[in-house]
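**Student:** return a 3D structure for these sequence lines:
(2 chains)
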Amino acid sequence: MSDNFIFYLKIILQGLPDTLSLSIFGILSAGILAIVFSCLLSLNSKLLTKTIRIYIIIFTGSPLLVQLFLIYYGPSQFGEFLSKYPAFYDFISSPWFCAYIALTLNSAAYTTQIFYGALKSIPQGQWQACSALGMNKRQTLKILMPYALKRALSTYSNEVVFVVKGTALASMIPVMDLMGYSNALNGEYYDFSIFVVAGLIYLLINGILSTIMRIIEKTALTFEN
Amino acid sequence: MSDFFAHSMELLLPSIDGYILPLTKATAITLSLALVSLVVGMFFAFIFTILEAVPFKPVAWLMLLFNLTIRALPELLIVVAIYTGLPLLLMALDDGFTIPLTSITIKMNIENTQPAPFLCGVFALSLLYAVYASQTLRGAFKAISSGQKQAAQVLGLSKSRTFFRIIMPQMWRHALPGLSNQWLILLKDTALVSAIAIDDLMMQTKTIVARTNQPFLWYFIAMIIYLVISVFSQKVISRIEKRTTHFEPSVNSQ
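**Tutor:** Okay, the predicted model is just below:
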C-alpha cells in the first residue's frame, strides 16, 4: 500500500513544475492586468468602460474550459493562414502557453471585479481630498490604489486559490501537470489512491498559498483599524 | 489581412443547419444536469448546515475539515475521482469487506457496479454546490436575530413551526445573493463533466469539431450558449432578489 503510494507520488510529482509555473505566472499576470483594468475603468471613459465590461461578462459568464479549448484548438481553423508564420504559430499553439493565456484572462476578469469593487467602495471623501490637493487622476490613483488593494486582499485570496484549482483544467489540453499525470496513471492502474495522492498535493499547495495570503493580509493591514 | 478575412469567412459560413438539433439536445442535458444538481445540492447543503450546528463538537470539526478539503481541491479532480471511485466502492460493497478491528462484514448485492455517468456528475456537482452553499446558509441563519426566535417562543409556537414559518422565510433574503452566485459557478462547472463521458454541451461541441474541423467556430458557439444561459439566469436572479426585498424598508433612504 505505502509502496504504491510512494510510486504514485514520484510519478505525479513530475507534474508539479507545470502546475506551479502556471499558478504563479497566472496569478501574477492576472493581478497586474486587473490593476491596469481597474485604473482604466476609473477613468470613466465611455468606450473603455464598455469594452472592459464586455470582456468581464464574456470571461466570467462562460466556463474556463470553453475558453481554454477556444484558445488552444481555435487557431487551427486558420491553420493555412497561420502556417505562413511558422514561428508565431508554434508559439501560440504550445499547450502551456495557451493554458497560461486562458488562466490569466479568466482570472483577470474576476480579479478586476474584486479590485474595482474595492476602489469604488473607498469613501468619496478620499477622492475629494485628493482633488482638493490638486492631484490629477494618475496621482490620485497612485494614492488610492494601494488602499483599495489592501481592502480587497481577503476576497482576493479566494481568487488565488481558484487559479490554482483552475490549472487542473490544463490537463484537458495536453499539459502534463499534476492532474495530467494522475489521469495517465489512472488509465494504467485504475486505482483510487492515485487521486488521494494528487488531492493531498493540491491540498498542500493551497494550504501554503492561503497561509501566505493571510500573512500578507496581516502585514498589509497592520496599521488599518 | 483582407485575404485572411475572406478566407476565414469562407470557412465560417458553411451551413450550421445539421448541428442545431444535437446542440439543443446537449444544452438541455447541461441545463438538466445543473438543475438536478442544484436541487440535490440544496438538500445536501441543509444536511451539512445541520451537521455543523450539532452540539457534539467532533462532528462539527469533521464537517469543517471536510468543507476545507473539498474547497481546496480542483473541481476536475473531484469529478474524475468520484467517477472512478464510485464503481470501486460499489464493487467493494458487492464483494463484501470486513471493517478492521471489528467482525462486522458488510456485503450487499449490487447488480450494476458502474453507475451512470450522469449520476456521478450530479453527485460531484451537488457536493461542490453544497459545500459552498452550506456556508451561505449558516451565515444567513446567524443573521436572523435571536429576538425573532424568542418572540416566536413567547407566542407559543413549536420549534419546527418557528423554524419553517419564522426563521426560514427570513433566511432566504440573506442567503439568496450567495446561493445565486453559487448557481452561476455550478452552471460553469457543468462543463467539467465532459471529462467523464456525459454527452453535455461541451462533449457535443467536441464531437462536432471532430466532424467539421472548425474548432474556432464551434467552441465560440458553445461559449455564446453558456454566456446566454448565465446572463439569462442573472436577469432572473435579480428579479427574484427584487421581489424578496420588496417589503424591506430601504436603509439608505432614512
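**Student:** the lengthiest helix in chain A near chain B anywhere?
**Tutor:** Counting residues, the longest helix found in chain A (DSSP state H) is helix A:137-166. Yes - Helix A:137-166 is in contact with chain B by CB under 8 Å from any CB of the partner chain, via A:161, A:164-166. Any C-beta I mention is one placed from the backbone N, CA and C, and that applies to glycine too.
**Student:** who touches the helix or strand just after that helix?
**Tutor:** Next along the chain after helix A:137-166, taking DSSP states H and E as the criterion, comes helix A:178-189. With contacts defined as CB atoms under 8 Å, 6 or more residues apart in numbering or on different chains, helix A:178-189 is touched by A:8, A:11-12, A:14-16, A:18-19, A:167-171, A:174, A:176, A:191, A:194-195, A:197-198, A:201-202, B:74, B:76-77, B:80, B:84.
**Student:** what comes up buried for helix A:178-189?
**Tutor:** Neighbour counts over helix A:178-189 (16 or more other CB atoms under 10 Å in any protein chain shown) mark A:178-186 as buried.
**Student:** would you list these in a markdown table and tack on pLDDT?
**Tutor:** A markdown table is the format used below for those (pLDDT from 0 to 100):
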| residue | pLDDT |
| --- | --- |
| A:178 | 90 |
| A:179 | 90 |
| A:180 | 90 |
| A:181 | 91 |
| A:182 | 90 |
| A:183 | 88 |
| A:184 | 89 |
| A:185 | 88 |
| A:186 | 86 |
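**Student:** between those residues, which is closest to residue B:228?
**Tutor:** Set against residue B:228, the nearest of the buried residues of helix A:178-189 by CB to CB is residue A:179 (29.4 Å).
**Student:** tell me how far residue B:70 lies from chain A.
**Tutor:** 10 Å (CB to the nearest CB, to the nearest Å).
**Student:** I'd guessed that residue sits against residue B:124; true?
**Tutor:** No - contact criterion CB atoms under 8 Å: residue B:70 and residue B:124 do not qualify, at 10.3 Å.
**Student:** what sits in contact with each of the two?
**Tutor:** The contact sets of residue B:70 and residue B:124 overlap at residue B:78 (CB under 8 Å, 6+ apart).
**Student:** for the two, indicate the residue with more neighbours.
**Tutor:** Legend: neighbour count by other CB atoms under 10 Å in any protein chain shown for residue B:70 and residue B:124, higher for residue B:124 (24 against 16).
**Student:** wait, that one touches residue B:78, no?
**Tutor:** Yes - if you go by CB under 8 Å, residue B:124 and residue B:78 touch, sitting 5.5 Å apart.
**Student:** hmm, stretch A:7-24 touching chain B?
**Tutor:** No - using CB under 8 Å from any CB, stretch A:7-24 stays clear of chain B, with a minimum separation of 9.6 Å.
**Student:** could you pull up the residues touching residue A:190?
**Tutor:** By CB under 8 Å, 6+ apart, the neighbours of residue A:190 are residue B:84.
**Student:** need the pLDDT of it.
**Tutor:** Reported pLDDT at residue A:190 in the predicted model: 83.
**Student:** what does residue B:107 give?
**Tutor:** Looking at residue B:107, its pLDDT stands at 67.
**Student:** again with residue B:174
**Tutor:** pLDDT at residue B:174 comes out at 84.
**Student:** so what's it closest to, chain neighbours aside?
**Tutor:** residue B:140 (3.8 Å; CB to CB, 6 or more residues apart in numbering or on different chains).
**Student:** just list what the host helix or strand of the one you found packs against, helices and strands only.
**Tutor:** Secondary-structure assignment from DSSP H and E places residue B:140 in helix B:117-143. In terms of contacts (3 or more CB pairs under 8 Å, 6 or more residues apart in numbering or on different chains; DSSP states H and E), helix B:117-143 is packed against helix B:20-52, helix B:57-72, helix B:75-95, helix B:168-189.
**Student:** switch those over to a markdown table; also include distance to residue A:141.
**Tutor:** Converted to a markdown table, these look like this (distance: least, CB to CB, whole Å):
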| stretch | distance to residue A:141 |
| --- | --- |
| helix B:20-52 | 40 |
| helix B:57-72 | 34 |
| helix B:75-95 | 35 |
| helix B:168-189 | 28 |
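**Student:** for those helices, which one sits closest to residue A:124?
**Tutor:** Closest among those, using CB to CB: helix B:168-189, at 24.3 Å.
**Student:** and the closest one, what's buried?
**Tutor:** Across helix B:168-189, burial judged by 16+ other CB under 10 Å covers B:170-171, B:173-176, B:178-180, B:182-184, B:186-189.
**Student:** from the residues you listed, which is closest to chain A?
**Tutor:** Minimum distance to chain A across those is 4.2 Å, recorded for residue B:188 (CB to the nearest CB).
**Student:** the helix or strand residue A:209 falls within vs helix B:57-72, what angle?
**Tutor:** Using DSSP H and E, residue A:209 sits within helix A:193-220. On the basis of axes from the mean of the first three to the mean of the last three CA atoms, to 10 degrees, helix A:193-220 is oriented at 90 degrees to helix B:57-72.
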